[in-house]
Structure formats: structure tokens, C-alpha cells
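**Student:** generate coordinates for the sequence data below:
(chains A and B)
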Amino acid sequence: MEVRTRFAPSPTGYMHIGNLRTALYEYLIAKHNGGTFILRIEDTDQGRLVEGAVDVIYQTLRMTGLKHDEGPDVGGDYGPYVQSERQGMYLQYAEELVKKGKAYYCFCTKERLDSLKEANGEGEAFSHYDRHCLGLSEAEIETNLKSGIPYVIRQKMPTEGTTTFHDAVYGDITVENSELDDQILVKSDGMPTYNFANVVDDHLMHITHVVRGSEYLSSTPKYTLLYEAFGWDEPSYVHLPPVMKDAHHKLSKRNGDASFQDLVEKGYLPEAIMNYIALLGWSPASNQEIFTMEELMEQFDLSGLSKSPSIFDPVKLTWMNGEYIKNMDFDTYFEKVQPYVDAALHNKALDQKAIAALLQKRLETWADVAGLVNFFDALPAYSTDLYVHKKMKTTEEIALDSLKAALPVLEGLETWEETAIHDALMALVAEKGIKNGQMLWPVRTALSGKPTSPGGAIELAHILGKEETLRRMQMGIDLLEAGK
RNA sequence: GGCCCGAUGGUCAAGCGGUUAAGACACGGCCCUUUCACGGCUGUAACCCGGGUUCGAUUCCCGGUCGGGUCACCA
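**Tutor:** Okay, here's the model as predicted:
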């Protein structure tokens, strides 16, 4: 049988990491089996509609490579794929259930329901509908319906026995039917409740694997009973543990936690984000950690899913993002990094390609670029302490001496190429009988004004150009002499 | 509170009756090196507790503890 999964987000304007991971797994389950991945927009909560929110969903799926085979924008044989356009089709299914004796009309008012809850209260939540309307006669129902009394349709739960369903992650789960409330299927405005719409939609769209958060685990027996009542085949369930912010809190937009787009804005690559979240709750048979989407498709297996929640670790995501940057071919990398380099530099004469090349092995996210390159623009103020480096065996005296010796030599260079600069400096080192570091560290320091820099003396000198290099070296000399 | 689910280093995690309990991130050290980074090597660090079952439990069972979820005319 063809595997069909669906991603059914509500258009809220954000793509949560947890939702995105669910989408990823749905996609992988489908594609691993050569199946179909469907997008269904669940926009029935009109009060929460957000402008442009659906576009965020499309955009995210496009950026992450989770290409849907059916959906509102691409069509398909089982549309419409927007739930608000399906509103008319649910009532008949609920009525079918009423005919079968698996559901019933309920005319109870909100007030009666509220008082019911208070009555059995004691402050503790335990409220089952008391089935007041289950006892209504045909005639009474008919009369109520005709006089236009608002009603809902409730699912009639068995009062005895148990219901068991199987979950791919959690195994068999059994509950007492007496624990189940006669949940509302159709609201008094004629609209289906989420749970009901889900069952009907999933059946109509021939969904084979229902993948969702573990918060649905406790309502799943009701789904099972619904499928049984209809006589429909039940899909496989894959419930996923939550993605946490810390040991106690789920990752959520309400806490201001990062959404997918936030992470992209912070300088993370969509591929790295997907790779990272694939491993949050799933582990492959091997020790492999870096995966292309194709590799994930091949290797994804339900048996690798974990039952326990996982904490989203931005530090590891950052590491992984760095791996992606390091492994990109230069042209691809340059195309992506160039805007960040350009934005960080006022001096447009600088060779951005050369700077970018220096950066590739040192970047973890695009956000690192500015801090790494700003000294090319303007030499930061620095203390002569920087010239003292134990491992390089430098002191302020040695630094001053080296800079003074190097300045005229570099000034006399005809060509400003790395090899020329290198050879000139190394000849000086040999001539003076000092260690490489005793010459190169002072130069590097004078050129960057920073304790660390992307690249050493020669690379920096080359990029800065002859004039600026000499200027900065002279500034270093002045600084050191003033400090004497 | 009832019901359901979960628990291996700080984090992600492998494990599925017998292991020196993998690997990765982070952290420390060493090497390489013109700084940093990269790369290589290496170190610290874990089976929630109590009972069973068993020749033998991280692994199976029961109880507890802790954590999470759920009990809407929300999705």
C-alpha cells in the first residue's frame, strides 16, 4: 500500500522547531517508502488567523526541501487541502454516526455543563459529560431540532471494556473506556471539532501514518473508537516526544524561543537546522551525524525514534552549522557569505574573496562574520600588552625591534604578493637570527590590533594592501615607543 | 486528583540478560602551527531509588521518586 503522510500545521505565522521536526519525519517516512507527502492547512481557528502565515509555511517547506506532493498550492486528488474549505463535509459523517448509534445529539446549555463541572469538582479536574441527552427520545430530539434549539453531536463512548491502539514509538497503549468522555464531534455552529475533522480528513485523504506530538497520546483511543465506529481502517500512529527548551519547558514561541526563521536570521543554514533536528529524537543505525536529505530518506527508520523528550541544544546546532560551512565548496560558500562580509566592511576596496577564504574554517554561523572582519576596516585601539606573547617569545622590545626592521623592507617591495611578503619577512628572520614568531607575531598584532585574527601576518598584510600595512606598522612602532 | 507516557555523562544519544556501558557536542590537556581556527591525539564525566525474576540485571517484572502529557463547543 502506498505510504501517505501529511503535515497539518495551523497558520500561525511561525514555524516551530517541534512542528518542523514533525514535518521532517512525516516527509522522511513517506519518502523512505516512496510515498506521498501532503500539506494540509488547518485554519479552522478563525480567531487565530494571521496575515501571511500560510506563506511562512510554504516558504519554510521550500527552504528546507520538504517538498509536498499534494497541497493547496499544488493540488492533488483529495482536496481541498485547506480545512476551512472542507467545512461542509463533516456534518454528514457525524450524522452517519448518529444513525449507527455511535453518536448522539446533545442540547445541553453551556450553563448546565458548567454547573456539572462545579458539582463534581472539589477543585480537581474530573469531568465527564453526564449523558443527560443520551436518554432523549426520538420525539424529543425531533422536537428540539425543529424548534431550532442549538445542539452539538457527541461521540458515544463504550462504558465498559478497554480500547487499545498501537503506536510505532510507544507500543501498545490500553485505556479503560470508562475514562473516555463523550467528546463533541460537531459544535453548535455546525463546525467539526479538531479531533473529528482530523479523523475524517485523514481517512478521506488516505493517510497511512499519523505523525504528531505525544500530547495526542491520550486522545488517540477516541480516534480508534471513531475509526471503529465508521468501520474505517485505522492509520499507523507515530507519536513524537516533545522538543524541550530545558528540562521543564517545551520549546515554544510563547517563551520567545527560536523559530525556524529566527534561526535562519541568526545565521544558521536550513540544511544544518534540518540535520540537527533530525537527530533530536531519532538516531540512525550508524554513528553518522552529518546527513544530506537524501541520506536521511534512505536511512530513516521508525525504530530509531526515541520515547523521551530531548532538549534543543543551540551549542551543538552551532557546531553542526560550522561543519556545513567548512564543507561547502568555495563558490557556494562565497555566494552565501559575501553579503555578510560586504555588510561588515565600509572599505569596499578590500578583496572580499580573500577575506572570505580566510573565514571559511573559522565560521560557525554567518553571525560570526562581522566580529571577525571588522578590524580590516578600522584598526581597533589596542594595548601594547598584545605584543607580549609567551609562546611566540615576544616582548615589547622585540616587537618594536622587529617592526622597525620590517617596515623599510616591506616598503621596498616591488610586488605586494603573499610570496614576496613571506620571503622578505623570512629573510629578515634569518638575518636577525630570531624565531619566526618573534617577527610574525608583532606584525600580525600591528595589523589587526587584536589578540586573534583570521589569518596571520602575511595574509593580513596582503589583504590590507601595502599602504595600509605600512601605516598600521608605523602606528605600532609609535605606540610601542610611546610606551617606553 | 484520575488516566497515559517517560527516566543512560552537563546536552544529543547507542544499548535491547553477560560490554572495559559506543559515538557526538561542550569542557580540560597535548601535538601541528606566524595568533586564532582547522586537523590529529587524549582526559574528566552516566545507567533515578527499592524490591523481585535470573547463575547473571542498565536491559525483564512490581513498587516508589521525579519529570512530562491529558482530562474544552482550542487546535
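**Student:** how about the residue in chain A that RNA strand B sits nearest to: what's its closest non-neighbour residue?
**Tutor:** In chain A, the residue that lies nearest RNA strand B is A:G456 (2.0 Å; CB to the nearest atom of the strand). Every C-beta, even on glycine, is put in place using the N, C-alpha and C of the backbone. Leaving out its chain neighbours, the residue that sits closest to A:G456 by CB to CB, 6 or more residues apart in numbering is A:R444, at 5.4 Å.
**Student:** near RNA strand B at all, the helix or strand hosting that neighbour?
**Tutor:** Element membership for A:R444, per DSSP states H and E: helix A:436-448. Yes - using CB under 7 Å from any atom of the strand, helix A:436-448 comes into contact with RNA strand B via A:N436, A:G437, A:L440, A:W441, A:R444.
**Student:** what does the stretch 251-400 of chain A have sitting close to RNA strand B?
**Tutor:** So far as CB under 7 Å from any atom of the strand goes, the stretch 251-400 of chain A lies against RNA strand B at A:279-283, A:287, A:289, A:303-304, A:306-311, A:313, A:315-316, A:319, A:322, A:326, A:361-362, A:389, A:391-392.
**Student:** drop anything exposed from those.
**Tutor:** A:L279, A:L280, A:G281, A:W282, A:S283, A:S310, A:G322, A:R362, A:H389, A:M392 (16 or more other CB atoms under 10 Å).
**Student:** quick one: the third one and A:R21 touch, right?
**Tutor:** Yes - the pair formed by A:G281 and A:R21 meets the contact definition of CB atoms under 8 Å, at 6.8 Å.
**Student:** so what sits against both of the two?
**Tutor:** In terms of CB atoms under 8 Å, 6 or more residues apart in numbering, A:G281 and A:R21 are both contacted by the residues A:L240, A:V243.
**Student:** and the residue nearest to A:G456, what does it touch?
**Tutor:** A:R444 neighbours (CB under 8 Å, 6+ apart): A:S453, A:G456, A:A457, A:L460.
**Student:** out of the residues you listed, which are inside helices?
**Tutor:** A:A457, A:L460 (DSSP state H).
**Student:** could you export the contacts of A:R444 as JSON lines, including pLDDT?
**Tutor:** Shown next, in JSON lines, are the contacts of A:R444 (pLDDT from 0 to 100):
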{"residue": "A:S453", "pLDDT": "97"}
{"residue": "A:G456", "pLDDT": "97"}
{"residue": "A:A457", "pLDDT": "97"}
{"residue": "A:L460", "pLDDT": "98"}
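**Student:** can you lay out the contacts of A:R444 as JSON lines showing neighbour count and distance to A:E95?
**Tutor:** Compiled in JSON lines, these are given as follows (neighbours: other CB atoms under 10 Å; distance: CB to CB, whole Å):
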{"residue": "A:S453", "neighbour count": "20", "distance to A:E95": "74"}
{"residue": "A:G456", "neighbour count": "18", "distance to A:E95": "78"}
{"residue": "A:A457", "neighbour count": "25", "distance to A:E95": "82"}
{"residue": "A:L460", "neighbour count": "25", "distance to A:E95": "78"}
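**Student:** quick one: low-confidence parts of chain A?
**Tutor:** A:45-49, A:119-126 (pLDDT under 70).
**Student:** surely the residue of chain A closest to RNA strand B touches A:L440?
**Tutor:** Yes - contact criterion CB under 8 Å: A:G456 and A:L440 qualify, at 6.1 Å.
**Student:** what's next to stretch A:157-166, contact-wise?
**Tutor:** Here stretch A:157-166 makes contact (CB under 8 Å, 6+ apart) with A:172-178, A:180-183, A:220-225, A:234, A:236-237.
**Student:** in it, what counts as buried?
**Tutor:** Buried-residue list, stretch A:157-166, by 16+ other CB under 10 Å: A:M157, A:T163, A:F165.
**Student:** return it as CSV; C-alpha atoms alone will do.
**Tutor:** Provided in CSV are the C-alpha atoms of stretch A:157-166 (Å, rounded to 0.1, in the frame of the first residue of the first chain):
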residue,chain,number,x,y,z
MET,A,157,-18.1,6.1,24.2
PRO,A,158,-18.5,2.5,25.4
THR,A,159,-18.9,2.4,29.2
GLU,A,160,-17.1,-0.9,29.7
GLY,A,161,-14.1,-2.7,28.5
THR,A,162,-10.9,-1.2,27.2
THR,A,163,-9.5,0.3,24.0
THR,A,164,-6.1,-0.5,22.7
PHE,A,165,-4.1,1.2,19.9
HIS,A,166,-0.6,0.6,18.7
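**Student:** got the contact list for the nearest residue to A:Y223 once chain neighbours are set aside?
**Tutor:** Nearest residue to A:Y223, sequence neighbours excluded (CB to CB, 6+ apart): A:V199, at 5.7 Å. Contact analysis of A:V199 by CB under 8 Å, 6+ apart lists A:Y223, A:L226, A:Y227, A:F230.
**Student:** for these, give me TSV that also has secondary structure, neighbour count and distance to A:C108.
**Tutor:** Output for the contacts of A:V199, formatted as TSV (DSSP: H, G, I helix; E, B strand; the rest coil; neighbours: other CB atoms under 10 Å; distance: CB to CB, whole Å):
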residue	secondary structure	neighbour count	distance to A:C108
A:Y223	helix	21	24
A:L226	helix	24	21
A:Y227	helix	17	26
A:F230	helix	17	25
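**Student:** ok, A:T64 touching A:N19?
**Tutor:** No - if you go by CB under 8 Å, A:T64 and A:N19 don't touch, sitting 11.6 Å apart.
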